[in-house]
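Q: sequence unknown, structure follows:
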Ligand SMILES: Cc1cc2nc3c(=O)[nH]c(=O)nc-3n(C[C@H](O)[C@H](O)[C@H](O)COP(=O)(O)OP(=O)(O)OC[C@H]3O[C@@H](n4cnc5c(N)ncnc54)[C@H](O)[C@@H]3O)c2cc1C
């Protein structure tokens, strides 16, 4: 009997697990290597479940569709006074990263998941590929899959020229326990996917699963995302400078965000938002900051090495595509490996398909983000920004991947 083909997967988050589970089902010998020394736990807020995620879970027979999260289908836009000025309906379930990760982690054998393995090098020849880890250990297989996220080492090794590009604005995020919502605010906001559109800024909020991934009424959470322009050289540096004057790169751990920065944030919310959003922000104990970047790879396959998920492309959060793209990349890679007898043909097919998809997602997210730009390079950008001052346009496109069917 021929030996099983062996896949080395770098990164044990959503992209790595989708890929690992699918390749195991397809008969591969799989090992996942995760840098974190401890089990991963949520570091963000909500995840909007897209059809691609549900399709991948269903294809892998992972039971989740019934209670994956919280219904967030009713959309509304509030004006500055708090009046509802537009409504829409888009079937949507919001979950938490913990819940999705938990389902995937439970669906993948523990003895094939290795924590505390930080990939630092990759070598390959005609027959094999070898991963080198920071602890001096190595692993050899037929294919290596970089599912190691936005700051991927695998990508850095093969395509060091690919760099994240700052979009000119940041997202402030926060979570509020459902139990902390006063009844009136709860009635007006909790069950809605709500939008606020002050000039050059955007806030949106929706319910997500609560602690322990609970979708039980009373135990859920409300999550908001507030986009604000921040000039890279001045304002962004200010936001990333902690209480002790230390300037962080790319992101800052939430507890270190300077108190003055949070005070400015709360004060500004009072100037631009509906009272309902102001109250949500006031109830948020620890807002966290996410500078927005575009990341676009020009390659996704390098010999016996492939990139999936955030390692290859990161679209701005407006499209809500991160987990969907990771799931879809995993499925398409496995399809190509199943259908093509030569690895090179499989990776070439995967790359062609998925480069196109990644580019389209990044481009669509850029369109949606033009609204937050202060300066426009072209007339087309200015027209786009104008279009997204309309609540109807924003509600019809945000966190939806319908554009992929166009
Ligand atoms: C712990 C965690 C919590 C998250 N929470 C949220 C959330 O609440 N909301 C949201 O929208 N998105 C969240 N995300 C991001 C979301 O998972 C991704 O945007 C998307 O699902 C694509 O996933 P990915 O697997 O491609 O990349 P990621 O989810 O970024 O995973 C990359 C993985 O690779 C590991 N890794 C990195 N470098 C190495 C290395 N050198 N060697 C080995 N392993 C390495 C990382 O530790 C990480 O686990 C979270 C990601 C992580 C890792």
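A: Sure, I can see it. Values in this document were obtained by computation on a predicted structure and should not be read as measured data.
Q: Please make it C-alpha for all contacts and neighbour counts, starting now.
A: Fine.
Q: near the ligand, which residues of the protein?
A: Applying CA under 6 Å from any ligand atom, we find that the chain lies next to the ligand at 10-16, 33-36, 40-47, 97, 117-120, 147-150, 152-153, 309-311, 322-323, 326.
Q: Next step: those residues restricted to helices.
A: Counting by DSSP state H, the residues of the chain next to the ligand place 14, 15, 16, 97, 153, 322, 323, 326 in helices.
Q: Please pull up the helix or strand immediately following the host helix or strand of residue 100.
A: With elements taken from DSSP states H and E, the one containing residue 100 is helix 97-106. Later in the chain than helix 97-106, the nearest helix or strand by DSSP H and E is strand 113-114.
Q: Now tell me which helix or strand of the chain has the poorest mean pLDDT.
A: helix 379-387 (a mean of 80; mean pLDDT, DSSP states H and E).
Q: Just list whatever residues bridge to residue 193.
A: Beta-bridge pairing for residue 193 (DSSP bridges): residue 75.
Q: Would you mind confirming that it is in contact with residue 72?
A: Yes: contact criterion CA atoms under 8 Å: residue 193 and residue 72 qualify, at 5.7 Å.
Q: Distance-wise, check residue 83 relative to residue 174.
A: From residue 83 across to residue 174, the span is 23 Å (CA to CA, to the nearest Å).
Q: So for these two, which sits in the more crowded spot?
A: Neighbours were counted for residue 83 and for residue 174 using other CA atoms under 10 Å; residue 174 has more, 24 against 13.
Q: Mind telling me what element that one is part of?
A: Using DSSP H and E, residue 174 falls in strand 165-177.
Q: From the chain's centre, how far out is that strand? Work that out for me.
A: On the basis of CA atoms, centre = their mean, to the nearest Å, strand 165-177 sits 12 Å off its chain's mean C-alpha point.
Q: what packs against it?
A: strand 221-229, helix 275-283, strand 288-296 (3 or more CA pairs under 8 Å, 6 or more residues apart in numbering; DSSP states H and E).
Q: With mean neighbour count and mean pLDDT as extra columns, can I get the ones you listed in JSON lines?
A: Below are the helices and strands packed on strand 165-177 laid out as JSON lines (neighbours: other CA atoms under 10 Å; pLDDT from 0 to 100):
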{"stretch": "strand 221-229", "mean neighbour count": "25", "mean pLDDT": "94"}
{"stretch": "helix 275-283", "mean neighbour count": "19", "mean pLDDT": "97"}
{"stretch": "strand 288-296", "mean neighbour count": "22", "mean pLDDT": "95"}
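Q: Relative to residue 260, which of these is closest?
A: Closest approach to residue 260 among those is made by strand 288-296 (13.7 Å; CA to CA).
Q: Tell me which helix or strand comes right after that closest one.
A: Following strand 288-296 toward the C-terminus (DSSP H and E): strand 301-302.
Q: If you average the pLDDT over that next one, what comes out?
A: Average pLDDT, strand 301-302: 98.
Q: for the following helix or strand past it, the distance to its chain's centre please.
A: Proceeding N to C from strand 301-302, the next assigned helix or strand is strand 305-307, under DSSP H and E. Relative to the chain's own centre, strand 305-307 is displaced by 19 Å; criterion: CA atoms, centre = their mean.
Q: quick one: strands adjacent to strand 305-307?
A: By DSSP bridges, strand 305-307 pairs with strand 143-146 (parallel), strand 301-302 (antiparallel).
Q: and among those, the most buried is which?
A: Ranked by mean neighbour count, the strands paired with strand 305-307 are led by strand 143-146 with a mean of 26 (mean count of other CA atoms under 10 Å).
Q: Got the confidence number for the residue nearest in space to the middle of the chain?
A: Residue closest to the mean C-alpha point of the chain, counted by CA atoms, centre = their mean, is residue 322 at 3.6 Å. The model reports residue 322 with a pLDDT of 93.
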